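Q: here you go, sequence then predicted model.
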Amino acid sequence: MDDVISETLLLSDDEIKSLISMGEVMEVVEAAFREKGLGRVQMPPKIYLFFSRYNGDLRAMPSYLEEMDIAAVKVVNVHPNNKEKYGLPTVMAVIVLIDPKSGFPMAIMGGTTITNMRTGAAGGIAAKYLARRNSKIVGLIGAGAQARTQLAALLEVFGSFDEVRVWSRSEETRKGFRDEVMARYGHLCRVIPIEEVKDAVRGADIVITTTPSRTPLVRDEWIQPGTHFNCIGADAPGKEELEPQILKRAKIVVDDWEQASHSGEINVPLSMGVISKSDVWAEMGEIVAGIKPGRLSDDEITVFVSTGLAIQDAVVANLAYRRALERGVGRKIKIV
């Protein structure tokens, strides 16, 4: 008889920070992409509740990776005004890790760090397959938690950069980002706060957009051949960060067609008829699984549209759970 799990492990977000590294997270997220590309996952599109009066939303994200036998459900919010109004993060999450054999809740854990890290990891993996190998200049549009984890993942892939340009609306935010990143990665890159978006993206090899903007911030006229984009901020209907003309001349790769068409960077241009499904080259999982090629030439403009996948949360939650058991972290309770 299989061992029966009868207690649920509780893990705080702070505990999770000590359990997982970006390198490990990238490894399991890449495996999750591959499983999706091979058609071995169950992952309904995320479900949204919109709290319009509070400028926020809530998403429910279930998934099951059949071959890896990992299942989880994440509940996550996005409230852009949280920091100034309540002193809370914009994004907060809770993940329930489920035993597929019995349906038992193996763990309940803070999901904010997992969300940040798996999204950063997805961007790093996309750049591994889609950006030019000799990329040396990164432009960051937005200087929040995602800018930090996206850069951490890029450094795992590329090792170092000559310049990391960072733009945000607030001078204080971009200078704070510079100081924090230079203290940690100063030996690997030079961070330059930028006052205008165009100066952050012109001549950049990789551009990361991580804002909640509903109007395009990055203009087509600023973009040269060979640029790679990780579009992270557009994660709900009506959000967009790139001028649609950029997409018209780009190789577009989405993490999930269903989610991206409704809430990713392509959602507005699709609804306007500027692009169609035939303009999307592939899902990231197809490229990781070797079904379709990634970048084919140095002149291609490539765009990765990230909406965040429940399978990414599941594999990273499973990683944190295994590490916690190994190290005796967290506390067990009888919840069922």
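A: That came through fine. Numbering: from 1, shown residues only.

Q: who's the closest residue to Asp13 other than its chain neighbours bridged to?
A: Nearest non-adjacent residue to Asp13, counting by CB to CB, 6 or more residues apart in numbering: Gly110, 3.1 Å away. Where C-beta positions appear, they are placed from N, C-alpha and C, glycine not excepted. Assessed by DSSP bridges, Gly110 has beta-bridge partners Val94.

Q: check contacts around Gly110.
A: Listed by CB atoms under 8 Å, 6 or more residues apart in numbering, the contact set of Gly110 reads 11-16, 93-95.

Q: all helices of the stretch 101-250 of the chain, in order?
A: 112-130, 145-158, 171-185, 197-201, 244-248 (DSSP state H, counting those that start in this stretch).

Q: between these, which one is closest to Pro62.
A: helix 112-130 (15.1 Å; CB to CB).

Q: mean confidence score for the closest one?
A: Mean pLDDT, computed over helix 112-130, is 97.

Q: relative to helix 145-158, how tilted is it?
A: On the basis of axes from the mean of the first three to the mean of the last three CA atoms, to 10 degrees, helix 112-130 is oriented at 40 degrees to helix 145-158.

Q: distance of the closest residue to Leu270 other than its chain neighbours relative to Asp179?
A: Of all residues not flanking Leu270 in the chain, Ser261 sits nearest, at 5.7 Å (CB to CB, 6+ apart). Computed with CB to CB, to the nearest Å, the distance linking Ser261 and Asp179 is 39 Å.

Q: compare the two (neighbour count), which wins?
A: Neighbour comparison, Ser261 and Asp179: the larger count goes to Ser261, with 18 against 13 (by other CB atoms under 10 Å).

Q: secondary structure of that one: a helix, I assume?
A: Yes - assigned with DSSP: H, G, I helix; E, B strand; the rest coil, Ser261 falls within a helix.

Q: my guess is it meets Lys277, correct?
A: Yes - because the distance of 7.4 Å satisfies CB atoms under 8 Å, Ser261 is recorded as touching Lys277.

Q: quick revisit: out of the helices of the stretch 101-250 of the chain, which is closest to Leu217?
A: In terms of CB to CB, the element of these nearest to Leu217 is helix 197-201, at 5.3 Å.

Q: that older thread, deepest of the helices of the stretch 101-250 of the chain, which one?
A: Of all these, helix 112-130 carries the top mean neighbour count, a mean of 26, counting by mean count of other CB atoms under 10 Å.

Q: output it as CSV, nothing but the C-alphas.
A: Taking Å, rounded to 0.1, in the frame of the first residue of the first chain, the C-alpha atoms of helix 112-130 are listed here in CSV:
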residue,chain,number,x,y,z
THR,A,112,4.0,35.3,-4.1
THR,A,113,7.6,34.4,-4.3
ILE,A,114,6.8,31.3,-6.4
THR,A,115,4.8,33.5,-8.8
ASN,A,116,7.5,36.0,-9.1
MET,A,117,10.3,33.4,-9.6
ARG,A,118,8.4,31.1,-12.1
THR,A,119,7.5,34.1,-14.2
GLY,A,120,11.1,35.3,-14.2
ALA,A,121,12.2,31.8,-15.0
ALA,A,122,9.7,31.6,-18.0
GLY,A,123,11.2,34.8,-19.3
GLY,A,124,14.8,33.5,-19.0
ILE,A,125,13.8,30.2,-20.8
ALA,A,126,12.1,32.2,-23.6
ALA,A,127,15.3,34.3,-24.0
LYS,A,128,17.4,31.1,-24.1
TYR,A,129,15.5,29.9,-27.1
LEU,A,130,14.5,33.3,-28.8
